[in-house]
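1. show me how the following folds:
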Amino acid sequence: MMKLRLLPLFMAFLCTFVNGQSTDLDRSFFSTKEVRLAQKFTENENRMYSVNVSQNITGVAVNTTDIYLNGFSRVDNNATYAFDLQLSQPIQYSSPEVIHRQEVNKDKNGNITSTRNFYKVIQKIEASGKCYLNGEHYSTFRHSESLATAEYSTSAMARENFLVQKITWEDNFKNTFQKEIYSQTNGHINKELGYSLRKSDVNLWYLGSEKHPEYVNHQTALKAIKEAFSKVEFDRIPSTLMTDLAPAISIFETQIKNYAEDNKKNKKVRYAAYYNLMKIYFHAEDLVNAEKYAQLLINNDYDEKDGKEMIESIETRKKLLAINKTNTSHFQVQNENRHLLNFRD
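-> This next block holds a predicted model:
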């Protein structure tokens, strides 16, 4: 009889122990593709651009074919957007400066037992240029570095090492500045005007302990989500996407109902469900349901910041869709160079 009376107490303790140890969340990611929408719309017939370098006294070669506007045709004349790069200032080199550092060793009584001197040479290098659009200043690109030799026991050795490295430093700086010209210019013009291809690794949450009763369901849902979004391309969302996502959606909705009791552990389970649902609906372009679950996540009162950030993302997406006169971020893009952006969401 004693054993029978103790059994319910033992089972209650076991459930409390398991649930108490198993609600930690781990990250998982699924990949999806889309077109990043322009901040300024251009009608299809006007999507033409040209690139010119009218001034360059930096000694850095600039190849105009490495600057491009995604979704637009490159032309020589009568471009809607005529970009002109001007590098009208030479690269600036500061005077080499010797930096002295002294290392003092003391005994236990505070008496100086030895001193060592160290010297290094530093130099700052800066370069900049401007991009003009249709004759008006559009953006500025710049790059700077602070270079330093290793430390030496004499200033003469530090200076000598600096002279040995100086040419290599300057060549490396020019190469880096060249890459920055392309990166900063392409980034700026494509964010405002272009249609870059964007690949995103989207975060999801799952219960990390195999002891949790929902662990297997989470693994099933994650597999379904990854497989469904693997079929999404930059220019299309397959018509079967929501059907493929249905098992995962059902799992998370069931968890919301089954873990409705208002305690921290249940809130954590619901948080994962709300979070995952708002993410998959957002990337499935169902902004109504994405907003619904973002608001439920906020109301859940567990890390509500994620829900608020999603609401902001949804509002931004709505504005961009309106600007670009479309209802989707998946469409065919004319690309001479496929400017692929990688994000972790």
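
2. wait, a strand at Phe83?
-> Yes: secondary structure of Phe83 (DSSP: H, G, I helix; E, B strand; the rest coil): part of a strand.

3. next one: Ile237, what pLDDT does it get?
-> Note on Ile237: pLDDT of 98.

4. all strands for the stretch 151-300 of the chain, in order.
-> Taking DSSP state E, counting those that start in this stretch, the strands of the stretch 151-300 of the chain run over residues 197-207.

5. actually, the stretch 1-150 of the chain.
-> So, for the stretch 1-150 of the chain - with DSSP E, counting those that start in this stretch - the strands run 25-35, 48-56, 73-74, 81-87, 92-93, 97-106, 112-133, 136-148.

6. for Val269, which of those is the nearest?
-> Minimum separation from Val269 across those (C-beta to C-beta) falls at strand 25-35, 9.0 Å. Where C-beta positions appear, they are placed from N, C-alpha and C, glycine not excepted.

7. can you point out the buried residues in the closest one?
-> Within strand 25-35, the residues that count as buried by 16 or more other C-beta atoms under 10 Å are 25, 28, 30, 32-35.

8. how about stretch 301-312?
-> Neighbour count says stretch 301-312 has 302, 306-307, 310-311 buried, by 16+ other C-beta under 10 Å.

9. tell me who's in contact with Gln334.
-> Residues near Gln334 by C-beta atoms under 8 Å, 6 or more residues apart in numbering: 47, 71-73.

10. check those residues and tell me the two furthest apart.
-> Gly71 and Ser73 (9.1 Å).

11. list residues touching both of the two?
-> Joint contacts of Gly71 and Ser73 (C-beta under 8 Å, 6+ apart) are 47, 334.

12. let's see which of the buried residues of stretch 301-312 end up in helices.
-> Among those, the members falling in helices are 306-307, 310-311 (criterion: DSSP state H).

13. contacts for stretch 72-84, please.
-> 42, 46-54, 67-69, 131-135, 138, 185, 189, 193-194, 334, 336.

14. is there a quick PyMOL command that grabs whichever of those residues are buried?
-> Applying 16+ other C-beta under 10 Å to those, the buried members can be selected in PyMOL as follows:
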select buried, resi 42+47+48+49+50+51+53+67+68+69+131+132+133+138+185+189+193+194
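
15. just the strands of the stretch 1-150 of the chain: most buried one?
-> strand 81-87 (a mean of 20; mean count of other C-beta atoms under 10 Å).

16. how distant is it from the center of its chain?
-> 28 Å (C-alpha atoms, centre = their mean, to the nearest Å).

17. ok, now stretch 285-295?
-> 22 Å.

18. go through it and flag the buried ones.
-> 285, 287, 290-291, 293-295.

19. of the residues you listed, which belong to helices?
-> Using DSSP H, the subset of the buried residues of stretch 285-295 located in helices is 287, 290-291, 293-295.

20. so which of the residues you listed comes closest to Thr326?
-> Using C-beta to C-beta, these come closest to Thr326 at Leu287, 13.2 Å.

21. tell me which other helices or strands the longest helix anywhere in the chain touches.
-> Ranked by number of residues, the top helix in the chain under DSSP H is helix 155-192. Where contact means 3 or more C-beta pairs under 8 Å, 6 or more residues apart in numbering; DSSP states H and E, helix 155-192 is packed against strand 81-87, strand 97-106, strand 112-133, strand 136-148.

22. related to what we said a few turns ago, make JSON lines out of the buried residues of stretch 301-312 and add distance to Lys223 and pLDDT.
-> Listed next are the buried residues of stretch 301-312 as JSON lines, based on distance: C-beta to C-beta, whole Å; pLDDT from 0 to 100:
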{"residue": "Tyr302", "distance to Lys223": "25", "pLDDT": "91"}
{"residue": "Asp306", "distance to Lys223": "23", "pLDDT": "96"}
{"residue": "Gly307", "distance to Lys223": "25", "pLDDT": "97"}
{"residue": "Met310", "distance to Lys223": "24", "pLDDT": "98"}
{"residue": "Ile311", "distance to Lys223": "29", "pLDDT": "98"}
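
23. circling back: and the two most separated of the ones in helices among the buried residues of stretch 285-295?
-> Of all the pairs that those form, the one spanning the most space (C-beta to C-beta) is Leu287 and Gln295, at 12.4 Å.

24. got the contact list for Ile298?
-> With contact set as C-beta under 8 Å, 6+ apart, Ile298 has these partners: 304, 307-308, 311.

25. distance to Asn327 added to the residues you listed, as a markdown table?
-> Shown next, in a markdown table, are the contacts of Ile298 (distance: C-beta to C-beta, whole Å):
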| residue | distance to Asn327 |
| --- | --- |
| Glu304 | 29 |
| Gly307 | 24 |
| Lys308 | 25 |
| Ile311 | 20 |
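
26. thank you kindly, that will do.
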